[in-house]
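S.K.: Just to be clear, the model below is a prediction. Sequence and coordinates:
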Amino acid sequence: MFFRIVSVPRSWLLPALLIVVALHARAAHALDAALVKQLATGDVAAKVEAVEALTRAGDPAALPVLEALLDGELAVTPAGQVVIDRKGGPVDAATMQRLDPAPDNLESVEINNRVRGQLQSAMSAFRLFSQDRKVRFDAAKEIQASADASLSTLLEKAVAQEKDPEIKAMLAQTKAGIDLGSSDAKVRLAAVRLLGESNQARTKQLLYGLLEKKPDGQFVEPDEQVREEAQYAIKAIDRRLALGDYAGRLFSGISLASILLLAALGLAITYGLLGVINMAHGEMIMIGAYATYVTQQVIKSHWPGLFEWYVVMALPVAFLAAALVGMALERTVVRWLYGRPLETLLATWGISLFLIQAVRQLFGPQNVEVANPAWLSGGIEFTNITLPYNRIAIIVFALVVLAGMWLALSRTRLGLFIRGVTQNRTMASCVGVPTARVDVVAFGLGSGIAGLAGCALSQVGNVGPELGQSYIIDSFMVVVLGGVGQLAGTVYAALGLGVASKFLEPYIGAVPTKILILVLIIAFIQKRPQGLFALKGRAVEA
C-alpha cells in the first residue's frame, strides 16, 4: 500500500488548530451528566452525595455548576435538562454549551443549609486552583478549618501544583489531617510526622485523638509506632507554641514600650528642663487623639479620596494642636509657678480637669470612632501569633520621633539652649540664653510630642475624654526611672517597663503587675535617686 503525502495550504492550519483546541476544551469541560442531574433533581442526601462526588473527582469544570447551585442559578427545563440560568441565556450545566432556542418555564433548584454548607466547603477546595494568590490563601484557610475525606483527591492535586510555600504547607497539613483516618498504618505514620511540623494548637487535638482509648481499653490508634510518633509530634508542637508565645509577649512588650516612650518623651523635656510636675500632660495626649479624629472627619467629608492617608495628615495637626495648648498653658499659668513644684502639681491637675470637661462639652462624654486605614489593618501571621500592622507602625513611628528628638537636642541651637538651661539655668541666663523663650518653646515641644503620642494611640485604642489619664502615671514612672531630663534613660525605662509588664501579666494578672512594678521602682529610686542615668554637668540645681 502506498501513501500519498498531500500538501496542505498554510491558510488552513490556523482554523484546523482552533477546531482541535475547541474540541479539546469542550471535552475538558464536560461533566458527568448523571451527577449534574442528581444535583438538580435528587433529594438532600443525593445532592450532598453528588457534591462530594464532584469534589472527589477534582475537575475544576465543576466549580461553575456548584456556584450556580449555591447562587440559585441552577434550573431544570420541562424536558429534564439541567441548565445554568444566566443573564445572557441558559447554558447546559454539563457541557457549558448555550441553548438555542432558550427553553421556557425553567424550575429553579432549591437547597437547604446542609447542602449549602457542603457547597461552600467544596467551592473553597476548587478555589485552590485560582490564579490569584489571595483567593488560594483564603480558600486554604477555610478548608483547614473544615476538611473532610471528600476533599482528599482535590487537596492532593492542589498540593502537587501549588508553588507558594506558605499555601503548600497549609494544604499539606490539611491533607495530613485527613490521612489520619486512613486504613494504612504507613499513611497514618507519614501524616503524623507531617503534622508534627505544625505550629497550630488545633493540630494537637488531632494527634491527641490517636492516644485515646476505647471503652474496652484498646487504643484508638492500633499501631504502636504511630502512637509514639504522635507523642513526639505533640511535644514538638508544644515547643513551637511556647516559643511563639514568648515571641508574642516580647512583641507586645515592645509595642507597649513604644507607646510609653511616646507618652513620656515630652514629659522628659518639660519635667527635666522646667522641674514642673505637669499633671495635664496626659490631656496633651488626649488633645492629639481628638485632633486626629477631627482630621479624619474633615478628610472624610471634603476629600474622601484621601481618606487612606488621613493619619499622615493628622500628625502635624496633632502636634500643633497640643503644642499651642501647651505653650498657652506655660505662658498663662506655669511661668508664675517655677520653683514651687507642689503648686504646679495642683494647678496643672486642675487644668487637666478643665480640659477633660471642655472635651466632653465639645465632643460628648462617649468615645469617638477613629478608624484604621486599610494599610494599618490586619497583620503578619508568625507561628501562632499575629503582629498587627498598626502596632508595627507605632513602633517604627516611635523610633522616628526618638531620632528626631535626638537630632533636635544634640544638633540644633535650640537643643543646645535646652541642654544648657537644664544643666544650669542661672549660668545659661548669664551667658545670654533667653531662658523664658526657651521655656515656652520647650514646653510646646514636649506637649507637641504628647500630641503625636495621642495620634498614634488613636489607632490602637478608644479615643475618649479620659484617654490621657491612662498614661500619665506610667509616663512619670518612665521619666523618674530613666533619669530626669535623660533621653537615653527614658528609652531604657520605657523598654524595661513595657517588656516586664507583658511577661509578668500572664502569671500574676494586670493589676498585681502594676503594683509590683511600682514597688520595684520605689525600691530602685531609694537606692539610686537620680534614676538609671544621672544628669551630667558642673552644677545641677536642687
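M.R.: Good, I have the coordinates.

S.K.: where does the stretch 1-150 of the chain have low pLDDT?
M.R.: Filtered on pLDDT under 70, the stretch 1-150 of the chain yields the residue ranges 1-30, 42, 58, 147.

S.K.: which stretches of it form helices?
M.R.: Under the criterion DSSP state H, counting those that start in this stretch, the stretch 1-150 of the chain contains helices at 13-29, 33-41, 44-57, 63-70, 113-126, 133-145.

S.K.: mind giving me the domain ranges of this structure?
M.R.: 28-114, 130-222, 244-527 (automatic domain parsing).

S.K.: Pick the most buried one from those domains.
M.R.: domain 244-527 (a mean of 19; mean count of other C-beta atoms under 10 Å). Quick note: C-beta positions are derived from backbone N, CA and C, even for glycine.

S.K.: re the thing from before, out of the domains of the chain, which is closest to Ala236?
M.R.: With respect to Ala236, and counting by C-beta to C-beta, the nearest of the domains of the chain is domain 130-222 at 5.1 Å.

S.K.: what about the closest one, start to end distance?
M.R.: 40 Å (C-alpha to C-alpha, to the nearest Å).

S.K.: What are the contacting residues of stretch 99-116?
M.R.: 39-40, 44, 47-48, 51, 69-70, 72, 74-79, 81, 83, 85, 89-92, 119 (C-beta atoms under 8 Å, 6 or more residues apart in numbering).

S.K.: How far away from the center of its chain is it?
M.R.: Offset of stretch 99-116 from its chain centre (C-alpha atoms, centre = their mean, to the nearest Å): 42 Å.

S.K.: Could you list the low-confidence segments of the chain?
M.R.: In the predicted model of the chain, residues 1-30, 42, 58, 147, 272-273, 383-384, 484-485, 534-542 satisfy pLDDT under 70.

S.K.: For the most centrally placed residue in it, list each beta-bridge partner.
M.R.: The residue lying closest to the centre of the chain (C-alpha atoms, centre = their mean) is Gly379, at 2.6 Å. Per DSSP bridges, the residues bridged to Gly379 are Pro388.

S.K.: Double-check it against Tyr389; I have them as touching.
M.R.: Yes. Gly379 is within contact range of Tyr389, at 5.6 Å (criterion: C-beta atoms under 8 Å).

S.K.: which residues does Val421 contact?
M.R.: Residues near Val421 by C-beta under 8 Å, 6+ apart: Leu273, Ala428, Val433, Thr435, Val438, Asp439, Ala442.

S.K.: so which helix or strand takes in it?
M.R.: Assessed by DSSP states H and E, Val421 sits inside helix 413-423.

S.K.: Next secondary structure after that helix?
M.R.: Sequence order places helix 425-430 as the next helix or strand after helix 413-423, per DSSP H and E.

S.K.: Now do that following helix: which elements does it pack against?
M.R.: The elements that helix 425-430 packs onto, with contact taken as 3 or more C-beta pairs under 8 Å, 6 or more residues apart in numbering; DSSP states H and E, are helix 413-423, helix 435-457.

S.K.: Of all those, which one is nearest Ala140?
M.R.: Checking these against Ala140 by C-beta to C-beta gives helix 435-457 as the closest, at 34.2 Å.

S.K.: For that closest one, which helices and strands make contact with it?
M.R.: Helix 435-457 sits against helix 224-274, helix 281-302, helix 310-332, helix 389-411, helix 413-423, helix 425-430, with contacts defined as 3+ C-beta pairs under 8 Å, 6+ apart.

S.K.: want to throw the ones you listed into CSV with distance to Lys204?
M.R.: Listed next are the helices and strands packed on helix 435-457 as CSV, based on distance: least, C-beta to C-beta, whole Å:
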stretch, distance to Lys204
helix 224-274, 5
helix 281-302, 42
helix 310-332, 40
helix 389-411, 28
helix 413-423, 55
helix 425-430, 63
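
S.K.: now for those helices, which one comes closest to Ala494?
M.R.: helix 224-274 (4.0 Å).

S.K.: orientation of the closest one relative to helix 281-302 in degrees?
M.R.: Note on geometry: by axes from the mean of the first three to the mean of the last three C-alpha atoms, to 10 degrees, helix 224-274 and helix 281-302 are set 110 degrees apart in direction.

S.K.: quick check: angle from helix 224-274 to helix 389-411?
M.R.: Interaxial angle, helix 224-274 versus helix 389-411 (the same axes, to 10 degrees): 40 degrees.

S.K.: How far off centre is helix 224-274?
M.R.: For helix 224-274 - counting by C-alpha atoms, centre = their mean - the centre lies 15 Å from the chain centre.

S.K.: what's the answer for stretch 175-183, then?
M.R.: The answer for stretch 175-183 is 32 Å, by C-alpha atoms, centre = their mean.

S.K.: what does that stretch rub up against?
M.R.: Counting by C-beta under 8 Å, 6+ apart, 147-149, 151-152, 155-156, 159, 187-188, 190-192, 194-195, 203, 206, 209-210 sit against stretch 175-183.

S.K.: Quick one: end-to-end distance for that stretch.
M.R.: 15 Å.

S.K.: Test my guess that Ala46 contacts Gln38.
M.R.: Yes. Look at Ala46 against Gln38 with C-beta under 8 Å: they come within range, at 5.3 Å.

S.K.: and Val431, what does it touch?
M.R.: Going by C-beta under 8 Å, 6+ apart, Val431 touches Gly420.

S.K.: again, 6 Å this time
M.R.: Applying C-beta atoms under 6 Å, 6 or more residues apart in numbering to Val431 gives no contacts.

S.K.: Okay, it and Val421: tell me how far apart.
M.R.: The gap separating Val431 from Val421 is 11 Å, by C-beta to C-beta, to the nearest Å.

S.K.: for Val311, same thing?
M.R.: Distance from Val311 to Val421, by C-beta to C-beta: 34 Å.

S.K.: Could I get the buried residue list for stretch 225-237?
M.R.: By 16 or more other C-beta atoms under 10 Å, the buried positions in stretch 225-237 come out as Val226, Arg227, Glu229, Ala230, Ala233, Ile234, Ile237.

S.K.: Not counting its neighbours along the chain, what's nearest the fifth one?
M.R.: Just to be clear, that refers to Ala233. In space, and not counting its chain neighbours, Ala233 is closest to Gly196: 3.0 Å by C-beta to C-beta, 6 or more residues apart in numbering.

S.K.: Please report phi then psi for the one you found.
M.R.: Per-residue torsions, Gly196: phi -70, psi -20 (degrees, to the nearest 10).

S.K.: that older thread, so which of the helices and strands packed on helix 435-457 comes closest to Val368?
M.R.: Closest to Val368 of those is helix 281-302 (C-beta to C-beta; 5.0 Å).
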